[in-house]
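Peer 1: all I have is the shape, not the residue letters:
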């Protein structure tokens with residue numbers, strides 16, 4: 001056991017939401033049985049909580065941390081020598097994706113580490129639900145060892161606290177925008193401390209029109225629901241949420257089907273979004289964003305289709321040099337047609353994270369990445385899977401990076 005240094009004055013400004021104020025550092029092997037059992041118990045408690053049904057992101061996390069899934073994840077671990085957690089991981093969660101902190105904590109636990117997780121000081125019901133479940137599990141003796149190495153905390157923009165946590169950690173995991181990451185990096189770490197930074201990223205979708213036209217009404221409805229879950233549920237704030245749909249018209253049949261396929265798809269998305277909580281501030285924010293984009297781009301390069309306030313679709317005559325500037329929120333999306341996948345290559349920067357596909361094989365995209373030596377696109381998934389968290393994210397092997405190998 002390695003006791004942490006004490007700093008009463010600094011820690012007095014920290015609110016501990018679950019676990020202990022100062023975790024004990026006692027590295028474990030990855031995917032230790034006790035830790036998987038703990039996450040499974042957390043899953044069960046969350047699924048029994050009636051509030052979970054109100055928040056699909058909490059329900060998704062509860063499903064993710066079942067033992068059946070963590071066992072599956074353990075099978076993906078590279079067996080190159082004996083692995084053990086690096087020690088203490090300091091996680092800084094983003095302010096726009098409430099449940100992200102829980103995934104980061106779970107990955108820290110599964111990799112065999114002690115964890116300090118800073119959640120946003122913004123109020124989120126999802127954070128309350130998960131932290132209350134954690135606190136309830138920690139109240140007994142069964143998971144005392146996990147409680148002792150876990151600290152879920154909240155504090156304001158206090159550099160001295162971030163300095164302290166950064167100075168004592170063995171790994172730092174930062175989720176946030178580029179500016180936030182640079183600010184946090186002003187807090188020094190010790191020389192052997194590693195860091196994973198999940199910065200601003202951009203995601204898009206690729207659809208072959210023939211795939212949409214081949215769908216019956218139920219299959220199309222499911223595609224639209226999947227797209228809705230990828231985008232609307234987090235107001236398009238998630239880095240993996242598609243903002244742009246590229247219609248791949250590589251052939252005369254695809255070109256002929258494109259217009260009708262787009263109409264079918266967006267109408268289905270509009271219907272899937274019927275339950276979306278479209279507050280007045282979202283309506284005005286989306287309209288302002290639309291006006292600003294058109295003012296900057298010009299009406300000759302973009303045509304707007306409005307499905308009342310729930311959905312705006314901006315059809316572009318051509319893609320800009322960098323597609324990561326095509327960002328919408330609250331139900332504003334862009335679309336453009338390309339005659340070949342290779343036409344995408346000049347627009348893919350290292351900012352691009354996820355390509356969601358329909359009617360396009362994963363190998364087609366990976367071949368494009370290899371053939372054109374692209375620095376972007378880290379994930380290729382189907383619609384409805386863009387938010388699925390794994391041990392590989394943004395091109396990082398998270399469990400691998402949070403462990404050390406004894407050779």
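Peer 2: Looks like it came in fine. Just so it is clear, the model here is predicted, and its values are computed rather than measured.

Peer 1: per-residue pLDDT, the residue nearest to residue 194 when sequence neighbours are not counted?
Peer 2: Once flanking residues are discounted, residue 194 sits nearest to residue 171: 4.9 Å by Cβ to Cβ, 6 or more residues apart in numbering. C-beta: built from backbone N, CA, C; applies to glycine. pLDDT for residue 171: 98.

Peer 1: from residue 170, how far out is residue 27?
Peer 2: The spacing between residue 27 and residue 170, counted by Cβ to Cβ, to the nearest Å, is 9 Å.

Peer 1: and for those two, which residues touch both?
Peer 2: Each of 86, 87, 113 lies in contact with both residue 27 and residue 170 under the rule Cβ atoms under 8 Å, 6 or more residues apart in numbering.

Peer 1: out of those, who's the most crowded?
Peer 2: Neighbour tally across the shared contacts of residue 27 and residue 170 (other Cβ atoms under 10 Å): the maximum, 29 neighbours, falls on residue 113.

Peer 1: would you agree it is in contact with residue 85?
Peer 2: Yes: Residue 113 is within contact range of residue 85, at 3.9 Å (criterion: Cβ atoms under 8 Å).

Peer 1: are there residues contacting both of these two? Which ones?
Peer 2: Shared contacts of residue 113 and residue 85 (Cβ under 8 Å, 6+ apart): 27, 28, 402.

Peer 1: mind listing the strands in the stretch 1-150 of the chain by residue range?
Peer 2: Applying DSSP state E, counting those that start in this stretch to the stretch 1-150 of the chain gives strands spanning 15-19, 82-85, 88-92, 114-119, 150-154.

Peer 1: just the mean pLDDT for the last one, thanks.
Peer 2: In this case it means strand 150-154. 98.

Peer 1: which is the next helix or strand following that strand?
Peer 2: Using DSSP states H and E, the helix or strand that follows strand 150-154 in sequence is helix 159-168.

Peer 1: what pairs with whichever helix or strand comes after that following helix, parallel or antiparallel?
Peer 2: The helix or strand immediately downstream of helix 159-168 is strand 171-175, counting by DSSP H and E. Pairing partners of strand 171-175, with direction, according to DSSP bridges: strand 88-92 (parallel), strand 194-198 (parallel).

Peer 1: show me where pLDDT drops low in the stretch 151-300 of the chain?
Peer 2: For the stretch 151-300 of the chain, the stretches flagged by pLDDT under 70 are 298-299.

Peer 1: strands of that one, residue ranges please.
Peer 2: 171-175, 194-198, 202-207, 242-248.

Peer 1: just send those back as JSON lines, with mean neighbour count and distance to residue 310 too.
Peer 2: Converted to JSON lines, those look like this (neighbours: other Cβ atoms under 10 Å; distance: least, Cβ to Cβ, whole Å):
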{"stretch": "strand 171-175", "mean neighbour count": "24", "distance to residue 310": "29"}
{"stretch": "strand 194-198", "mean neighbour count": "18", "distance to residue 310": "30"}
{"stretch": "strand 202-207", "mean neighbour count": "24", "distance to residue 310": "19"}
{"stretch": "strand 242-248", "mean neighbour count": "23", "distance to residue 310": "16"}
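
Peer 1: picking that back up, turn the strands paired with strand 171-175 into JSON lines, including distance to residue 278.
Peer 2: JSON lines is the format used below for the strands paired with strand 171-175 (distance: least, Cβ to Cβ, whole Å):
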{"stretch": "strand 88-92", "distance to residue 278": "31"}
{"stretch": "strand 194-198", "distance to residue 278": "29"}
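
Peer 1: ok, the closest residue to residue 156 other than its chain neighbours - how many residues close by?
Peer 2: Nearest-residue entry for residue 156: residue 121, 5.3 Å, with adjacent residues in sequence omitted and distances by Cβ to Cβ, 6+ apart. The number of residues packed near residue 121 is 12, by other Cβ under 10 Å.

Peer 1: one more: residue 288?
Peer 2: Close neighbours of residue 288, defined as other Cβ under 10 Å, add up to 10.

Peer 1: do the same with residue 376
Peer 2: The number of residues packed near residue 376 is 19, by other Cβ under 10 Å.

Peer 1: what about the closest residue to it other than its chain neighbours, how many neighbours?
Peer 2: Using Cβ to Cβ, 6+ apart and skipping residues adjacent in sequence, the residue nearest residue 376 is residue 352, 3.4 Å away. Residue 352: 22 surrounding residues under other Cβ under 10 Å.

Peer 1: residue 352 contacts residue 201, doesn't it?
Peer 2: Yes: applying Cβ under 8 Å as the test, residue 352 and residue 201 come out as touching, 7.2 Å apart.

Peer 1: looking at the protein, which helix is longest?
Peer 2: Identified as the longest helix of the chain according to DSSP state H is helix 252-272.

Peer 1: neighbouring contacts of it?
Peer 2: With Cβ under 8 Å, 6+ apart, helix 252-272 has contacts from 207-210, 212-213, 220-221, 223-225, 227-228, 245, 247-249, 305, 307, 310-311, 313, 335, 337, 339.

Peer 1: may I see the buried residues of it?
Peer 2: By 16 or more other Cβ atoms under 10 Å, the buried positions in helix 252-272 come out as 254, 257-258, 261-262, 264-266, 268-272.

Peer 1: likewise stretch 335-354?
Peer 2: By 16+ other Cβ under 10 Å, the buried positions in stretch 335-354 come out as 335-338, 341, 343-344, 347-348, 351-354.

Peer 1: cool, stretch 118-138 as well?
Peer 2: Buried-residue list, stretch 118-138, by 16+ other Cβ under 10 Å: 118-120, 124, 126-127, 129-134, 137-138.

Peer 1: out of these, which one sits closest to residue 385?
Peer 2: Checking the buried residues of stretch 118-138 against residue 385 with Cβ to Cβ, the nearest one is residue 126 at 20.5 Å.

Peer 1: let me see the contact set for the closest one.
Peer 2: 55, 57, 58, 98, 99.

Peer 1: same question, residue 225
Peer 2: By Cβ under 8 Å, 6+ apart, residue 225 lies in contact with 272, 384.

Peer 1: for residue 274, see how far away it is.
Peer 2: Residue 225 is 11 Å from residue 274, by Cβ to Cβ.
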